[in-house]
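Undergrad: Mind looking at a prediction? Sequence and model below.
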Amino acid sequence: MNGFPNVAKHTILVISQQPWDDHFVSKHHYAVTLARRGHRVLFFGPPVETSRMSVRKVSHAGVALEVVDAPRAAPGLRFMPRPLRNLIEAAWLRRLERLISAPVDIVWLFDDSRFYDLRFAGSRLKIFQQMDLEPDFHSAIAARTCDLAIGVASTIVARLRQNARRAIHIGHGYAG
């Protein structure tokens, strides 16, 4: 029993600027904890040099989850007009859903340098979690377009609240 007996299990896409195979930081621990609670977790780190999207199964501390390996959604995407950028990113997400044969229910964004305009995710639950004050690429847009903004420090939450409909503070730590 995970302590949440009535919680429906979801497919969660975690978007991180750190790759899965790099040293473990909080994003990795969040992904493992969500998978341990029975959710299907897809961890998408930085784009990789490949011609097509793929998903591989990995295990950490006896918990299984999946890592998305994919190239950039499109070259120069950040310079494109918002409507075009959202269409391309939404198409990327639909490709992922076809690949895994399941809908993604939650997009949890830790990287405000790509996929930061969360409107691409449509009606899915959209979470933006800012871990550091710097670098700050597009946190205002991410905060404005998410359902829930999370900051790990009061200074981050204060900045998020300038744009977010709902912003909360969740400090974090790791107990091995």
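TA: Nice, I can see it.
Undergrad: So Ala35 lies in a helix, does it not?
TA: Yes. Under DSSP: H, G, I helix; E, B strand; the rest coil, Ala35 falls within a helix.
Undergrad: would you list every one of the helices in the chain?
TA: 26-36, 82-100, 139-145, 154-161 (DSSP state H).
Undergrad: Phe43 is nearest to which of the ones you listed?
TA: When the helices of the chain are compared by CB to CB, helix 26-36 sits nearest Phe43, at 5.0 Å. Placement of C-beta: from N, CA and C, glycine included.
Undergrad: Hmm, Ala102 is touching His39, no?
TA: No. In this structure, Ala102 is not within contact of His39 by CB atoms under 8 Å, at 11.7 Å.
Undergrad: For Lys9, list the residues it contacts.
TA: Gly38, His39, Arg40 (CB atoms under 8 Å, 6 or more residues apart in numbering).
Undergrad: quick one: which of these has the most company?
TA: Within the contacts of Lys9, most neighbours by other CB atoms under 10 Å means His39, with 20 neighbours.
Undergrad: How confident was the prediction at that one?
TA: We have a pLDDT of 97 for His39.
Undergrad: Pull the contacting residues for it.
TA: Counting by CB under 8 Å, 6+ apart, His39 has contacts Lys9, His10, Thr11, Ile12.
Undergrad: out of these, who's nearest Ile127?
TA: For these, the nearest to Ile127 is Ile12 (9.0 Å; CB to CB).
Undergrad: What about that closest one, how many residues nearby?
TA: Look at Ile12: counted by other CB under 10 Å, it has 23 neighbours.
Undergrad: Not counting its neighbours along the chain, what's nearest it?
TA: Nearest residue to Ile12 in three dimensions, chain neighbours excluded: Ile106, at 4.5 Å (CB to CB, 6 or more residues apart in numbering).
Undergrad: Against Tyr30, how distant is the one you found?
TA: Distance, Ile106 to Tyr30, using CB to CB, to the nearest Å: 12 Å.
Undergrad: what do Ala102 and His39 both touch?
TA: With contacts defined as CB under 8 Å, 6+ apart, the residues shared by Ala102 and His39 are Thr11.
Undergrad: in stretch 63-71, what counts as buried?
TA: Under the neighbour-count criterion of 16 or more other CB atoms under 10 Å, stretch 63-71 has Leu65, Glu66, Val67, Val68, Asp69, Ala70 buried.
Undergrad: hang on, isn't Glu97 packed against Val104?
TA: Yes. In this structure, Glu97 is within contact of Val104 by CB under 8 Å, at 5.8 Å.
Undergrad: For those two, list the residues in contact with both.
TA: Contacts common to Glu97 and Val104, judged by CB under 8 Å, 6+ apart, are absent.
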